[in-house]
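>>> Got a sequence here, can you build the structure:
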Amino acid sequence: MKPITLPEPPGSPKSMGGVPDIFEGGVYGVVRRAVIIGNGFSASENQSVGLVRALGLSEKQTLYRVTRPTGGINEWLHWLPVSIHKKLYYIISQIYGYSRILIARSGKTPRFLPRENGVSVGLSSVLEADIRSIVRMAKETYEKDGPLLVVASGRDTISFASSIKRLASENVFVVQIQHPRSHLDRFDMVITPQHDYYPLTPQAREQVPRFLRKWVTPYEPPDKHVVLTVGALHQVDSALLRSAANAWHDEFAPLPKPLLVVNIGGPSRYCRYSTDLAEQLISSLHNVITSCGSVRISFSRRTPEKVSRFIIKEFGTHPKIYIWDGEEPNPHLGHLAWADSFVVTADSVSMLSEACSTGKPVYVIGAERCTWKLVEFHKKLSERGLVRPFTGLEDMSESWSYPPLNDTAEAASRVHKALAERGWRLRP
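You can find the predicted model right below:
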């Protein structure tokens, strides 16, 4: 099998002969730490963590999280901006609490408004992102620790990251991952997949009625501070895969080869499916199983139970197939390191991006079910030779390769360049 050369994580520019910081622009120009603003979703937070890791600041990062009230009526309020959602829920809670007192006085049994983790405002115990404290920290520690790198990802983090940029623009460099839809000048850098600009293409405009086009974002092509990627950012690079290969050696080394790893996501807004895709996957796996030494199947948190049950019923006792039960430790990194090839459902940009960073064969199932911008995503993957459709006619003992997808390292390189233009630099 042809060896694959994986991308190394980019390092920071080397200091010239060990010259102290004060003679290289001073401590004020050296970025030594990072703040990550997350939204509680692993797919989004993994992108921020991956970028910070590629920049060499993973040991000097602080994670803050924007949280929403959950449960009960909150499931109907997630379309609101997070700040409005919290205020509205607080008002509802106060009204509901007052009504419970009146009901109790009338002798009736009150019904309780659902809470999360027993906290009265519906918030978890995770450290809450606070704009004022982050801004204060950035300003007060600037002379001692230099500029602060702020990396955020996800819709709920947009207002937080932009406010930090507005209030401490001289002390921070703010990177927003995933397209914020409007007013991109609120950030120092925006990192987003190319397919987020699909609405500007002629094909997309033909699909949208004229009277609705002004509501479809983005409105303008990317400018110079927008970094376009093929897929999602993540933490997977050669160093992480080497570490995972060592950590999972005892479990995976004895498995018969070739090892096929199947990653199953879940239906999404632009890629809908149910047990119909499971039936297609089962049929194709039966066709290729003779050319596999072993098969490992993993479900994601988004996989519908009826889909997972369907597949477990079919393959749960197959001697060549192991289905991960969802219990820790999660073998995902072991799969990336030890697999000879992958089958991934078309809905997951994150899982496909990680698999394509290995340089190993990646087969996609369900791409024909995708719509809108996910069609563009799969088109880009195919044009670069990163993926092939999973038809069930493959001989899994035959391998093929490609230059691994290297979005995270390339985005990190752009951050280095943007900081240099501002007179700053990274030094882990």
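
>>> In contact with the spatially closest residue to Trp324 that is not a sequence neighbour: list those residues for me.
Nearest residue to Trp324, sequence neighbours excluded (Cβ to Cβ, 6 or more residues apart in numbering): Ser298, at 4.6 Å. Where C-beta positions appear, they are placed from N, C-alpha and C, glycine not excepted. When contacts are counted by Cβ atoms under 8 Å, 6 or more residues apart in numbering, Ser298 touches Val261, Val262, Asn263, Ile264, Ile323, Trp324, Pro331, His332, His335.

>>> would you turn those residues into CSV with neighbour count, secondary structure and distance to Leu374?
Formatted as CSV, those follow (neighbours: other Cβ atoms under 10 Å; DSSP: H, G, I helix; E, B strand; the rest coil; distance: Cβ to Cβ, whole Å):
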residue, neighbour count, secondary structure, distance to Leu374
Val261, 24, strand, 22
Val262, 25, strand, 20
Asn263, 25, strand, 16
Ile264, 26, strand, 16
Ile323, 18, strand, 26
Trp324, 13, coil, 25
Pro331, 20, coil, 27
His332, 17, helix, 22
His335, 24, helix, 23
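
>>> all strands for the stretch 301-428 of the chain, in order.
With strands called from DSSP state E, counting those that start in this stretch, the stretch 301-428 of the chain shows them at 321-323, 341-345, 362-365, 388-389, 425-426.

>>> any idea which of those is most buried?
Comparing the strands of the stretch 301-428 of the chain on average neighbours per residue, with mean count of other Cβ atoms under 10 Å, the densest one is strand 341-345 at a mean of 26.

>>> Mind listing residues that contact that one?
Outside strand 341-345, the residues touching it (Cβ under 8 Å, 6+ apart) are 258-266, 271, 273, 277, 281, 285, 351-352, 355, 358, 360-366, 390, 396, 399.

>>> how about 7 Å then?
Residues outside strand 341-345 that contact it (Cβ atoms under 7 Å, 6 or more residues apart in numbering): 258, 260-265, 277, 351-352, 355, 360-366, 390, 396.

>>> and what of stretch 207-219?
Contact with stretch 207-219 is made by His179, Arg181, Ser182, Tyr197, Pro199, Leu200, Arg205, as judged by Cβ under 7 Å, 6+ apart.

>>> 8 Å - rerun?
When contacts are defined by Cβ under 8 Å, 6+ apart, stretch 207-219 is touched by residues His179, Arg181, Ser182, Asp196, Tyr197, Pro199, Leu200, Ala204, Arg205, Trp372.

>>> mind checking the end-to-end distance for stretch 259-275?
25 Å (Cα to Cα, to the nearest Å).

>>> coming back round to it: as a markdown table, the contacts of Ser298 with pLDDT and distance to Ser341 would be great.
What follows is the contacts of Ser298, written out as a markdown table (pLDDT from 0 to 100; distance: Cβ to Cβ, whole Å):
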| residue | pLDDT | distance to Ser341 |
| --- | --- | --- |
| Val261 | 98 | 8 |
| Val262 | 98 | 10 |
| Asn263 | 98 | 12 |
| Ile264 | 98 | 15 |
| Ile323 | 98 | 18 |
| Trp324 | 97 | 17 |
| Pro331 | 97 | 16 |
| His332 | 97 | 16 |
| His335 | 98 | 11 |
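
>>> From those, pick the one nearest Leu405.
Leu405 lies nearest to Asn263 out of these, by Cβ to Cβ, at 15.4 Å.

>>> Wait, the closest one touches Met351, no?
Yes. Contact status for Asn263 versus Met351: in contact at 4.8 Å, counting by Cβ atoms under 8 Å.

>>> tell me, what's touching these two both at once?
Common neighbours of Asn263 and Met351, using Cβ under 8 Å, 6+ apart, are Ser300, Val344, Thr345.

>>> List the backbone torsions phi and psi for the first one.
This means Ser300. With angles defined as degrees, to the nearest 10, Ser300 sits at phi -100, psi 180.

>>> give the contact list for it.
By Cβ under 8 Å, 6+ apart, Ser300 lies in contact with Asn263, Ile264, Gly265, Gly266, Ser348, Met351.

>>> Does the helix or strand encompassing Tyr64 pack against any helices or strands, and if so which?
Counting by DSSP states H and E, the element that carries Tyr64 is strand 61-65. Counting by 3 or more Cβ pairs under 8 Å, 6 or more residues apart in numbering; DSSP states H and E, the packing neighbours recorded for strand 61-65 are strand 33-38, helix 42-54.

>>> if we go to 7 Å?
Packing partners of strand 61-65 (3 or more Cβ pairs under 7 Å, 6 or more residues apart in numbering; DSSP states H and E): strand 33-38.

>>> residues near Val375, how many?
Neighbour count for Val375, taken as other Cβ atoms under 10 Å: 18.

>>> I misspoke; the intended subject was Arg269.
9.

>>> Can you pull out the low-pLDDT segments for the stretch 51-200 of the chain?
Applying pLDDT under 70 to the stretch 51-200 of the chain flags residues 73-75, 77-79, 81-83, 86-87, 89-90, 92, 94, 96-127.

>>> What segments of it are strands?
Taking DSSP E, counting those that start in this stretch, the strands of the stretch 51-200 of the chain run over residues 61-65, 148-153, 172-177, 189-193.

>>> could I get these as a markdown table with distance to Ala161 and mean neighbour count?
Shown next, in a markdown table, are the strands of the stretch 51-200 of the chain (distance: least, Cβ to Cβ, whole Å; neighbours: other Cβ atoms under 10 Å):
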| stretch | distance to Ala161 | mean neighbour count |
| --- | --- | --- |
| strand 61-65 | 10 | 17 |
| strand 148-153 | 4 | 28 |
| strand 172-177 | 5 | 26 |
| strand 189-193 | 10 | 23 |
